[in-house]
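**Q** quick check, what structure comes out for this input:
(one chain, ligands or ions: 1)
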Amino acid sequence: MIEAQHLTKRYGPRTAVDGMTFTVRPGRVTGFLGPNGAGKSTTMRMVVGLDRPTSGRVTVNGAPYARHRAPLGEVGVLLDAKAVHPGRSARAHLRALAATHGIGDARVDEVVELAGLGAVAHVRAGRFSLGMGQRLGIAAALLGDPATLVLDEPVNGLDPEGVLWVRTLLRALAAEGRTVLLSSHLMSEMALTADHLVVVGRGRVVADAPVADVVARAGTAAVRVRTPEAARLAAALVRDPALRVVSTAADTLEVSGADAPALAAAAAGIGVVLHELAPVQASLEDAYLQLTGGEVEYRAAAPGTPTTPGASR
Ligand SMILES: Nc1ncnc2c1ncn2[C@@H]1O[C@H](COP(=O)(O)OP(=O)(O)OP(=O)(O)O)[C@@H](O)[C@H]1O
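**A** Down below sits the predicted model:
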């Protein structure tokens with residue numbers, strides 16, 4: 001379990017983490033989401049004692065990280081997969097870590113196999129691809145069989161098979177009753193892996209809820225309308241500036257800005273027969289963009305938008 005209370009971190013005049021309070025519970029995967037610069041890495045570094053809070057506190061399994069006598073057995077950490085001596089083999093790297101905690105070679109071999117590194121365990125880490133480095137970082141995080149895992153972008157650089165492996169592994173670790181906190185910018189992957197989300201923006205928690213609730217709160221993104229007269233219906237609907245009409249197939253439109261009954265009435269008004277009228281649930285990505293829309297530190301102007309200084313804030 002990870003418990004943050006009024007956690008705050010300032011770097012000079014910049015407040016990176018601004019009074020965050022949240023609890024990451026065991027038995028589920030909690031996704032940690034937020035735009036670039038929202039304070040995720042800073043928070044994770046404070047969780048594992050690599051940064052000191054300016055104020056507030058954060059505990060792992062009931063105590064601040066630094067108080068644990070065998071931290072590898074409490075919390076497995078993947079923050080920077082490149083933080084490995086390039087001249088050491090994967091196995092030598094894991095053995096060196098294991099030695100600090102009296103963990104035996106049998107466990108090293110176990111995590112090497114678990115991470116799918118058996119064939120390259122003797123290869124120098126400096127020659128590893130990004131994906132192999134990620135696997136080695138995950139193997140290191142699992143070494144002490146910890147009750148809590150903190151993983152920053154664990155699927156970064158992994159191929160589809162690797163992404164699926166991480167998803168299956170994290171879901172299995174949570175099902176065993178462990179606490180899993182993971183950050184990722186891949187919304188579709190987060191939707192498949194996480195049960196619960198803590199969403200942050202500009203150093204503050206903007207949502208702390210089950211994934212399903214976050215998505216449901218975003219409501220419907222659009223209504224799918226299928227009709228043999230799609231072009232005629234679209235021509236009528238686009239006259240209303242409140243509606244956004246996208247043609248997704250010859251006979252299908254996705255319309256946002258009106259609900260299904262209003263669209264049915266509009267179609268009936270011009271004698272267009274409908275074959276399907278279905279609300280389309282917002283995706284996690286839609287929900288995330290709604291939640292963090294005002295919280296983005298750096299935002300590119302939309303094409304054609306004047307780039308007045310300060311206008312992006
Ligand atoms: N060591 C530091 N010194 C000064 N400012 C820092 C330092 N570390 C982070 N920051 C600032 O704190 C804010 C939060 O950064 P952080 O890296 O925690 O965000 P993040 O949510 O992890 O972003 P990303 O998704 O880009 O990794 C940013 O504005 C960043 O520039």
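**Q** can you show me the strands along the stretch 1-150 of the chain?
**A** Remark: strands assigned in the stretch 1-150 of the chain by DSSP state E, counting those that start in this stretch are 2-11, 14-24, 28-33, 55-60, 75-78, 148-152.
**Q** which ones are touching the residue positioned nearest the centre of the chain?
**A** For the chain, the residue nearest the mean C-alpha position is residue 184 (3.2 Å; CA atoms, centre = their mean). Contact analysis of residue 184 by CB atoms under 8 Å, 6 or more residues apart in numbering lists 31, 33, 153, 154, 155, 156, 190, 193. Any C-beta I mention is one placed from the backbone N, CA and C, and that applies to glycine too.
**Q** do residue 30 as well
**A** Contacts for residue 30 were tallied using CB under 8 Å, 6+ apart; they are 24, 179, 180, 181, 182, 194, 195, 196, 197, 198.
**Q** what residues are up against the closest residue to residue 123 other than its chain neighbours?
**A** Once flanking residues are discounted, residue 123 sits nearest to residue 89: 6.1 Å by CB to CB, 6 or more residues apart in numbering. Shown in contact with residue 89 (CB under 8 Å, 6+ apart): 121, 122, 123, 124, 125.
**Q** of the residues you listed, buried ones?
**A** 121, 124, 125 (16 or more other CB atoms under 10 Å).
**Q** just the residues you listed now: which is nearest residue 1?
**A** Minimum distance to residue 1 across those is 31.9 Å, recorded for residue 125 (CB to CB).
**Q** in this structure the closest one contacts residue 93, no?
**A** Yes. Applying CB atoms under 8 Å, one finds residue 125 in contact with residue 93, separated by 5.8 Å.
**Q** just to revisit the earlier point, quick check on the residue nearest to the centre of the chain: phi, psi?
**A** Per-residue torsions, residue 184: phi -160, psi 150 (degrees, to the nearest 10).
**Q** hmm, residue 158 is touching residue 167, no?
**A** No. With contact defined as CB under 8 Å, residue 158 does not count as touching residue 167 (10.1 Å).
**Q** which neighbours do residue 125 and residue 93 have in common?
**A** What both residue 125 and residue 93 touch, as defined by CB under 8 Å, 6+ apart, is the set 84, 85, 136.
**Q** narrow those residues to those in helices?
**A** Secondary structure from DSSP state H places residue 136 of the shared contacts of residue 125 and residue 93 in helices.
**Q** rewinding a little: ok, the residue nearest to the centre of the chain to residue 155 distance?
**A** According to CB to CB, to the nearest Å, residue 184 stands 6 Å off from residue 155.
**Q** how about residue 45?
**A** Counting by CB to CB, the gap from residue 45 to residue 155 is 20 Å.
**Q** the more surrounded of those two?
**A** residue 155 (25 against 20; other CB atoms under 10 Å).
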